[in-house]
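**Student:** Mind folding the following:
(one chain, ligands or ions: 1)
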Amino acid sequence: MNVRDTLDRPLRDLRISVTDRCNFRCVYCMPKEVFGRDHRFLERRELLSFEEIERLAHAFVAHGVEKIRITGGEPLVRRDLERLVEKLAAIDELDLTLTTNGSLLPQKASLLRDAGLRRVTVSLDSLDDEVFAAMNDVDFPVQQVLEGIDAAADAGLPVKVNMVVKRGLNEDSILPMARLFRERGHILRFIEYMDVGHTNGWRMDDVVPAAEIVDTIGAELQLEPLGPNYTGEVARRWRYKDGSGEIGVIASVTQPFCGDCTRARLSAEGRLYTCLFALKGHDLRALVRGGATDEELHEAIGRVWARRADRYSELRTAKTADLPKVEMSYIGG
Ligand code: SAM
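**Tutor:** Have a look, this model is predicted:
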């Protein structure tokens with residue numbers, strides 16, 4: 001019997017953060033004022049090694065995890081990431097994917113594909129350089145992300161594109177993004193701006209509700225709803241009525257999906273978090289480095305999951321936004 005939490009939710013997905021560093025400073029995620037020169041990032045020895053991640057991944061799979069997403073920070077800034085992909089891809093029947101800002105995909109896409117990566121999600125918030133630069137805050141040009149997307153597609157990796165929508169920043173980019181990725185045949189997913197961490201100064205007024213996003217696109221390109229691919233799918237799917245593809249909306253603020261949440265998160269230093277909005281994690285690295293057996297690791301993960309009662313998004317209020325939650329760049333987005 002696979003483990004279930006106190007709300008009867010199984011453990012199906014694992015997001016593994018491989019670094020807390022990133023070459024972007026997206027204002028909604030790693031604002032420069034906080035993640036500047038003086039910020040203390042994790043040191044190399046604090047990070048789980050690829051071998052340690054592999055060992056833990058096996059323990060999670062034994063609990064029923066079917067899908068692993070490698071993330072960060074920016075996962076592709078971790079050196080030789082393809083070595084980790086190769087190790088995880090060797091796990092039977094595992095759906096292995098990666099979320100990236102795309103900046104390093106031109107160099108890495110083929111290596112990742114050859115190592116066994118199944119597909120990739122690329123984040124891109126606008127096609128307008130000025131808007132995109134105001135969001136990534138390092139003047140990174142749109143064209144280079146598009147080249148990364150092409151490199152992944154050319155390497156044979158199915159690509160999804162994620163766009164965070166923040167009121168007053170990039171709503172005008174919704175339609176141009178929808179048009180382009182419909183034409184290119186990549187699924188575009190819109191993410192409501194969330195109050196992850198406690199450094200991004202989140203306010204409810206900054207959230208563009210998913211319903212508004214769907215209406216904006218639907219006014220030009222007719223849409224109809226599609227059912228989920230599987231229980232617990234975070235994106236609500238919509239199809240273009242003319243059959244030219246689909247989009248998704250991730251409405252974690254306006255339509256929380258905690259009831260179906262089957263996701264655990266492993267931070268780059270080996271802490272297990274049972275919610276994106278958690279205040280604290282459970283130190284698995286101490287067990288791994290302290291000589292725990294595979295059996296003991298498996299039991300420890302099961303114990304944490306069995307106690308899980310998180311449903312932050314369902315309980316969110318203006319006040320909870322100020323809680324000292326861990327940062328997404330650390331826990332893994
Ligand atoms: N660096 C990689 C990337 O850019 O995709 C992976 C990590 S990033 C934290 C993962 C995803 O989380 C990105 O699509 C990013 O836009 C999204 N994200 C970060 N902060 C967010 C927030 N406050 N609200 C909604 N999505 C957010």
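**Student:** For the rest of this, base every contact and every neighbour count on C-alpha atoms.
**Tutor:** OK.
**Student:** ok, so what distance separates residue 242 from residue 221?
**Tutor:** Going from residue 242 to residue 221 by CA to CA, to the nearest Å gives 9 Å.
**Student:** So which of the two has more stuff around it?
**Tutor:** residue 221 (17 against 10; other CA atoms under 10 Å).
**Student:** dump the residue contacts of that one.
**Tutor:** Contacts for residue 221 (CA atoms under 8 Å, 6 or more residues apart in numbering) come out as 240-241.
**Student:** hmm, 7 Å instead?
**Tutor:** Counting by CA atoms under 7 Å, 6 or more residues apart in numbering, residue 221 touches residue 240.
**Student:** do you know how far it is from the ligand?
**Tutor:** 24 Å (CA to the nearest ligand atom, to the nearest Å).
**Student:** what's the answer for residue 178, then?
**Tutor:** On the measure of CA to the nearest ligand atom, residue 178 and the ligand end up 16 Å apart.
**Student:** Would you verify that that residue is located in a helix?
**Tutor:** Yes: under DSSP: H, G, I helix; E, B strand; the rest coil, residue 178 sits within a helix.
**Student:** right, quick check: stretch 261-272 against the ligand, any contact?
**Tutor:** No: Stretch 261-272 lies out of reach of the ligand by CA under 6 Å from any ligand atom, never closer than 11.7 Å.
**Student:** mind listing what's buried in that stretch?
**Tutor:** 261-272 (16 or more other CA atoms under 10 Å).
**Student:** where does residue 276 land in three-state SS?
**Tutor:** coil.
**Student:** What count of nearby residues applies to it?
**Tutor:** 23.
**Student:** Repeat that for residue 213.
**Tutor:** Neighbours around residue 213, by other CA under 10 Å: 18.
**Student:** Need the pLDDT of it.
**Tutor:** Predicted confidence (pLDDT) at residue 213: the value is 98.
**Student:** Residue 295 now?
**Tutor:** Per the predicted model, pLDDT is 97 at residue 295.
**Student:** That one sits in which helix or strand?
**Tutor:** Element membership for residue 295, per DSSP states H and E: helix 294-307.
**Student:** contact partners of that helix?
**Tutor:** 3-6, 59.
**Student:** What is the subsequent helix or strand relative to the strand or helix carrying residue 68?
**Tutor:** Taking DSSP H and E as the criterion, residue 68 maps to strand 67-71. Where DSSP H and E defines the elements, the next helix or strand beyond strand 67-71 is helix 81-89.
**Student:** That next one and the ligand, are they touching?
**Tutor:** No: with CA under 6 Å from any ligand atom as the criterion, the ligand is not reached by helix 81-89; the gap is at least 13.6 Å.
**Student:** what does stretch 316-329 give?
**Tutor:** Yes: Stretch 316-329 reaches the ligand (CA under 6 Å from any ligand atom) through 328-329.
**Student:** Buried residues in that stretch, which are they?
**Tutor:** 321-322, 325-329.
**Student:** For residue 197, which non-adjacent residue is spatially closest?
**Tutor:** residue 327 (4.0 Å; CA to CA, 6 or more residues apart in numbering).
**Student:** right, and that neighbour touches residue 195 too?
**Tutor:** No: with contact defined as CA atoms under 7 Å, residue 327 does not reach residue 195; the gap is 9.7 Å.
**Student:** Up against the ligand, what does the protein have?
**Tutor:** Residues of the chain lying near the ligand (CA under 6 Å from any ligand atom): 28-29, 71-74, 99-101, 122-123, 162, 164, 191-196, 328-329, 332-333.
**Student:** Show me where the stretch 1-150 of the chain has its helices.
**Tutor:** Here the stretch 1-150 of the chain has its helices, by DSSP state H, counting those that start in this stretch, at 50-61, 81-89, 105-115, 129-136, 142-154.
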